[in-house]
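# Any chance you can model this:
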Amino acid sequence: QAIDDDCNQTGQILAAILDWPQGTFASRVTLEQGGVVVEREVDGGLETLRLRLPAVLTADLRLNEPRYATLPNIMKAKKKPLEILSASELGGVPPSPPRLKVLKLEEPPARQGGQKVQDVVSLVEGLRQRGSL
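The predicted model follows:
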């Protein structure tokens, strides 16, 4: 389940940032030498894409049958050590310079307190005086 409000943005944005090919809504994935074949459902039937690796894929509900973790397996997983690898240890992932540069970072101004008005006429007049209308 996507965390991007189910709008299918995360995979596409990631592929654009990395400049990698993308296969969205994959219902079948087959690895082959140096690439991947992605089958996806479209309005007119099935579409087959052949992509070079590395690539970004997003899954359709039909890709596989989900497995649900049992409580004993969750407890076992908590005890397993977490291995942290650097990008250079993975191999095949080319280092690239960052595509974004932070120019400035500052907090927004503190919010000012609200103001009560007697009626709509007073509200409109106050907004006019501030230049908000």
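
# CA atoms for contacts and neighbours, from now on please.
Noted.

# Go through the worst-scoring helix or strand of the chain on mean pLDDT and flag the buried ones.
Least confident element among the helices and strands of the chain, by mean pLDDT, DSSP states H and E: helix 87-90 (a mean of 79). Of all the residues in helix 87-90, not one is buried under the rule 16 or more other CA atoms under 10 Å.

# CA atoms of the very next helix or strand once past it as PDB?
Scanning forward in sequence from helix 87-90 by DSSP states H and E, the next helix or strand is helix 120-130. Only the C-alpha atoms of helix 120-130 are listed here, as PDB (Å, rounded to 0.1, in the frame of the first residue of the first chain):
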ATOM      1  CA  VAL A 120     -19.200  40.300   9.500                       C
ATOM      2  CA  VAL A 121     -19.100  44.100   8.800                       C
ATOM      3  CA  SER A 122     -16.300  44.500  11.300                       C
ATOM      4  CA  LEU A 123     -14.400  41.500   9.800                       C
ATOM      5  CA  VAL A 124     -14.600  42.900   6.300                       C
ATOM      6  CA  GLU A 125     -13.500  46.300   7.500                       C
ATOM      7  CA  GLY A 126     -10.500  44.900   9.400                       C
ATOM      8  CA  LEU A 127      -9.400  42.800   6.300                       C
ATOM      9  CA  ARG A 128      -9.700  46.000   4.100                       C
ATOM     10  CA  GLN A 129      -7.500  47.900   6.500                       C
ATOM     11  CA  ARG A 130      -4.800  45.200   6.500                       C
END
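
# thinking again about what came up before, in CSV, please show the C-alpha coordinates belonging to the least confident helix or strand of the chain.
Extracted in CSV, the C-alpha atoms of helix 87-90 (Å, rounded to 0.1, in the frame of the first residue of the first chain):
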residue,chain,number,x,y,z
ALA,A,87,26.4,2.1,-1.4
SER,A,88,30.0,1.1,-2.4
GLU,A,89,29.6,-2.3,-0.8
LEU,A,90,26.5,-3.1,-2.9
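
# please renumber so the chain begins at 145
Yep, numbering from 145; the last one is helix 231-234 now.
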